[in-house]
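S.K.: Provide a 3D model corresponding to the input given below.
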Amino acid sequence: MKSGSTVFLKFVICLIAIGAFLGMIWFPQTEGRAASLSLISIYTDPFIIYIYIASIPFFIGLNQAFKLLSFIDTGKSFSQGAVNTLRNMKFASLSMIGFIGLALLYIRFFAKGDDPAGPTAIGILAAFAAAVIATAAAVFQKLLQNAVDIKSENDLTV
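M.R.: Residues are numbered from 1 along each chain as shown. Below is the predicted model of the structure:
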């Protein structure tokens, strides 16, 4: 793979991270009940704090994708480090599914006066996307682990 392709993908990952970060800062201010609240009241809401904590696996996953592209750039794509990076991406996606599930349970059963259909649908779509990423990372991890094992076996052969 040429370096230009990985540079483009790294740029896209950076844009996704910046967009998500800016959205996390901007969106709580536009929420319906935040219209009459001060900035401190908006950002000390327990659900907003939970969303910020739950976003940590997302940013870890983006960091691991960036790291995997760096392995590809340096020609170390068939290394144990690349396998570990894919494993970390899988665990980040699975933890995102858990955080989304807990948020959906809270919205569905404890949020009074709100219609939970919209946030539930968005949460299910986000959890499905995270599940697809976790499955793809698991498949690539197994495939890459087999390639690393074969490579190390061939390196030992004289």
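S.K.: hey, let's count contacts and neighbours off CA atoms from now on
M.R.: Will do.
S.K.: measure how far the helix or strand of the chain with the lowest mean pLDDT is from the centre of its chain, please.
M.R.: In the chain, no helix or strand scores lower on mean pLDDT, DSSP states H and E than helix 39-43, which sits at a mean of 79. Centre-to-centre, helix 39-43 and its host chain are 25 Å apart (CA atoms, centre = their mean, to the nearest Å).
S.K.: for the very next helix or strand once past that helix, packing partners?
M.R.: Later in the chain than helix 39-43, the nearest helix or strand by DSSP states H and E is helix 46-54. Packing partners of helix 46-54 (3 or more CA pairs under 8 Å, 6 or more residues apart in numbering; DSSP states H and E): helix 80-110.
S.K.: 10 Å - rerun?
M.R.: If contacts are counted by 3 or more CA pairs under 10 Å, 6 or more residues apart in numbering; DSSP states H and E, helix 46-54 sits against helix 3-30, helix 39-43, helix 80-110.
S.K.: that helix versus helix 3-30: what angle between them?
M.R.: Counting by axes from the mean of the first three to the mean of the last three CA atoms, to 10 degrees, helix 46-54 lies at 170 degrees to helix 3-30.
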